[in-house]
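Asker: Quick one, what's the 3D model for this:
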Amino acid sequence: MKFIVLGKFNILQLLRRLGYHPIRNGESYSRRIQSREFPRFHIYLKNKGQGLEFSIHLDQKANCYKGQRAHSGDYEGSLLEEEKNRINRQIKNI
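Answerer: The predicted structure follows:
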């Protein structure tokens, strides 16, 4: 799921306020749903004109094969829609 949020932000500070933490590679961010590592929300960001493009999906489990990036993920659904709405609400309150 992709969506755009207008405004200028310090990305690391914004995502920390939203409950996300950098993943080891530094290219994306995640937020756990439970106390375990998976499932988790996973976000990639791109600067888009006057805002940020959020690309978010739900990682159901870790990579199955060493060295591979493929995993079991959901790219649509009510949980993702709820998370998108939560993010938009919190950004409006910043």
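Asker: Name every strand pairing with the lowest-mean-pLDDT helix or strand in the chain and say which way it goes.
Answerer: The helix or strand with the lowest mean pLDDT-type score in the chain, counting by mean pLDDT, DSSP states H and E, is strand 73-74 (a mean of 84). Partners of strand 73-74 in the sheet, by DSSP bridges, are strand 51-59 (antiparallel).
Asker: what's the single longest helix in the chain?
Answerer: Longest helix in the chain, counting residues (DSSP state H): helix 78-92.
Asker: Just give me the residue right at the centre of the chain.
Answerer: In the chain, the C-alpha nearest the mean C-alpha coordinate belongs to Ile43, at 2.4 Å (C-alpha atoms, centre = their mean).
Asker: What values do phi and psi take at that one?
Answerer: Dihedral pair for Ile43: phi -120, psi 140, per degrees, to the nearest 10.
Asker: Tell me the bridge partners for it.
Answerer: In beta-bridge terms (that is, DSSP bridges), Ile43 pairs with Tyr29, Ile56.
Asker: quick one on the thing from earlier: residues in contact with the least confident helix or strand of the chain: which ones?
Answerer: If you take C-beta atoms under 8 Å, 6 or more residues apart in numbering as the criterion, strand 73-74 is touched by 42, 57-60, 80. All C-beta atoms are positioned from the backbone trio N, CA, C, and that covers glycine.
Asker: quick one: average confidence on stretch 7-21?
Answerer: Stretch 7-21 carries an average pLDDT of 93.
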